[in-house]
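**Q** Below are the sequence and a predicted model; questions follow.
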Amino acid sequence: MAGRPRSPQQEKFFDELKEWSEIKLRILTKYFDAYRRKRGASNSILYYIDGFAGAGWYGDDPTTHEEGSPVRLARMADEIVRSGQPYRLVCLNYEINLTWFTQLRQALSPFDSSVVRCTHGAFEDHLPGILTTVGQAPALFFLDPFGVSPIRLVDLQPILRRRDTEILLNLNTPRLRQMAGFHDSRPSGERDAKLRLVSEVLGESTKDPNPRWLQQYRRMDTASWEDWAANAYMESLLEQGSELRYAVAYPIRERFRAKAKYYLVFATRSDDAVVLMNDFVCIEEDDLFAKSEGVTKTGQLTLDGPLRESDREQALEDLLDEIHAYGVTHQGCSRTGLTKHFAGEKFGQFKQKHYRQAINRLVEDGRAAFPNGRRNDTAPITFLSVRA
C-alpha cells in the first residue's frame, strides 16, 4: 500500500517547520511532559498514540532538520527509561504515506523499539489493534491529519468510549469551511460528498437538508463560522464521548490575532488537565503577541496575558467583577474551584497566577474573605455582595 495521494503542497509539508506548527508541537510536548509526570506516579505504563505521524523530521538536511512530534515524544520515552523511572511511556506512531513512513522509521531507529514503535498504514484501520494494545492504560491520542476526513466522530467513537483517554487534534476549520461552500454549487456526487463530510465531522445528521452548520454558514463571516464550527465540534465530542467531560480549543495562528490556520482541540475528563493546558496556551499567546507587536516583556505589567497594553487594566477589572459575580452565586467555592471554572470559560486568556491575583484583589477590596483570613487553594471563600 503506497498510501493516499498527496497534493504537491502536502508532499512538501515536511520540508520546513512553520512557526504555527512549532507552536502546536510546543504545546503538545509541554502538556505531555506534565501529563506523564502526573500520571506516571500511579501507573506503570502510559501510551502516546500519534495517528498521523508524518516523516518524523522537518527538513532534508540531517544537520539542520527539526524534530516532529514522533521524535520529540520518543526522546521523552527514552529519558524516562534512562532516568530509571518506575513507569514507561510507550509511543505508537502510524503513517499511511509510504515515503513519509520510510523517513519516520529511519528517524525513530535510534530509539528502543520496546517503547517507540512505528507502523505503516491508516490510523483508522489500525485502531482496533491500538485499543487492544493499550487496554485500560492512560492514553493520549494526538491526531494531526491533512484535511478533516479522519476526525469524523463516527471514526473516533472507539476512542471516545475509553475511560482514560485524552485527545489533542487538529480541526482544520479553513478546509471545513471550504467544503461547506459547495452548498451553492450545482448538484453532483462530489458536492454531496463534501457536504455530507461536513455534517459527519460536526456530528449532524447527513439526512438533514438544512443542517445547523449550513444555517450558521449563511449568516456568519469566515472567522465567526470557523470559531462556531470549533465550538460545535467540541460539543459533539462531549455528547458522544461518554467518558469526556471537558473540551477546549485554541486557534493556531501565524501572528497574534491573525486568521486561524486551524484549531487545536483538547478533550479530557480532568479539569486539572484543562488548567494545565490553559497555562501552556497562555504562554504561547504571550510569545506570539510579543513577536507580532514588538513588545518587550519587562515584568512590570499588571497582566502577562495576550492583550494589548491599553486593554490590560480593563481586562483585569472585568475579570475581578466576573469572579465576584460568580462567587456571590456560588458561595463557598475555593480558589482552585474558581480557577478551574474560569480557565475553561476563558481558555487561554489568563494564567493560574492571574486568578490568584484577582482573588487577592477582591479580598483586599473587601469583596471576598477567607475563613480566619488564611488564604489557600482549598478554603471556602465568602463573597460579599457589596464592598465592606
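**A** Arrived safely, thanks for sending.
**Q** low pLDDT regions in the stretch 51-200 of the chain?
**A** Within the stretch 51-200 of the chain, the ranges that satisfy pLDDT under 70 run 59, 61-64.
**Q** quick one: the strands in it?
**A** If you assign secondary structure with DSSP state E, counting those that start in this stretch, the strands in the stretch 51-200 of the chain sit at 57-58, 66-67, 88-95, 116-120, 139-143, 165-171.
**Q** Between these, which one is closest to residue 342.
**A** With C-beta to C-beta as the measure, strand 165-171 is the member of the strands of the stretch 51-200 of the chain nearest residue 342 (21.0 Å). Just so you know, the C-beta spots here come from the backbone N, C-alpha and C atoms, and that holds for glycine as well.
**Q** how far does that closest one sit from the chain's center?
**A** 6 Å (C-alpha atoms, centre = their mean, to the nearest Å).
**Q** which secondary structure elements does that strand contact?
**A** In this structure, strand 165-171 makes packing contacts with helix 19-39, strand 139-143, helix 153-160, helix 222-240, strand 262-268, judged by 3 or more C-beta pairs under 8 Å, 6 or more residues apart in numbering; DSSP states H and E.
**Q** Which one of these lies nearest to residue 292?
**A** Comparison of the helices and strands packed on strand 165-171 against residue 292 by C-beta to C-beta identifies helix 19-39 as nearest, at 10.6 Å.
**Q** Looks to me like residue 47 is in a strand.
**A** Yes. According to DSSP: H, G, I helix; E, B strand; the rest coil, the state of residue 47 is that of a strand.
**Q** Give me the neighbour count for it.
**A** Summarising burial for residue 47: neighbours were counted as other C-beta atoms under 10 Å, giving 21.
**Q** quick one: contacts for the closest residue to residue 271 other than its chain neighbours?
**A** Spatial nearest neighbour of residue 271, chain neighbours left out: residue 340 (4.4 Å); criterion: C-beta to C-beta, 6 or more residues apart in numbering. Contact criterion C-beta atoms under 8 Å, 6 or more residues apart in numbering gives 271-272, 274-275 as the residues in contact with residue 340.
**Q** can you put these in CSV and add neighbour count, pLDDT and secondary structure?
**A** Supplementary listing: the contacts of residue 340 in CSV, determined by neighbours: other C-beta atoms under 10 Å; pLDDT from 0 to 100; DSSP: H, G, I helix; E, B strand; the rest coil:
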residue, neighbour count, pLDDT, secondary structure
271, 17, 95, helix
272, 14, 96, helix
274, 22, 97, helix
275, 19, 97, helix
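**Q** out of these, who's nearest residue 42?
**A** Of all these, the one with the least separation from residue 42 (C-beta to C-beta) is residue 272, at 13.5 Å.
**Q** What's the separation between that closest one and residue 39?
**A** 11 Å (C-beta to C-beta, to the nearest Å).
**Q** for residue 283, same thing?
**A** When distance is defined by C-beta to C-beta, residue 283 is 22 Å away from residue 39.
**Q** who has more neighbours, these two?
**A** For residue 283 and residue 39, the more surrounded residue by other C-beta under 10 Å is residue 39, and the numbers stand at 22 against 17.
**Q** Chain neighbours aside, what residue packs nearest to that one?
**A** Sequence neighbours aside, residue 138 is the residue nearest to residue 39 in space, at 5.0 Å (criterion: C-beta to C-beta, 6+ apart).
**Q** Redo the strands of the stretch 51-200 of the chain as CSV? Include distance to residue 203.
**A** Putting the strands of the stretch 51-200 of the chain into CSV (distance: least, C-beta to C-beta, whole Å) gives the following:
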stretch, distance to residue 203
strand 57-58, 33
strand 66-67, 34
strand 88-95, 24
strand 116-120, 28
strand 139-143, 16
strand 165-171, 12
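**Q** Out of those strands, the one nearest residue 289 is which?
**A** Counting by C-beta to C-beta, and looking across all of the strands of the stretch 51-200 of the chain, nearest comes strand 165-171 at 22.4 Å.
**Q** ok, the closest one: who's next to it in the sheet?
**A** Partner strands for strand 165-171, per DSSP bridges, with pairing direction: strand 139-143 (parallel), strand 262-268 (antiparallel).
**Q** Of those strands, which is nearest residue 163?
**A** Proximity of the strands paired with strand 165-171 to residue 163 was assessed by C-beta to C-beta; the nearest stretch is strand 139-143, lying at 10.2 Å.
**Q** Okay, helices next: where are they in this structure?
**A** Secondary structure of the chain, counting by DSSP state H: helices at 8-11, 19-39, 69-82, 98-108, 123-134, 153-160, 173-180, 189-202, 212-219, 222-240, 271-293, 309-329, 335-345, 352-364.
**Q** elements contacting the third one?
**A** Read that as helix 69-82. Identification of packing neighbours for helix 69-82 by 3+ C-beta pairs under 8 Å, 6+ apart yields helix 19-39, strand 45-50, strand 88-95, helix 98-108, strand 116-120.
**Q** among those, which is nearest residue 197?
**A** Closest of these to residue 197 is strand 88-95, at 21.3 Å (criterion: C-beta to C-beta).
**Q** Quick one: list the elements packing against the closest one.
**A** With contacts defined as 3+ C-beta pairs under 8 Å, 6+ apart, the secondary structure elements packing on strand 88-95 are strand 45-50, helix 69-82, helix 98-108, strand 116-120, helix 123-134.
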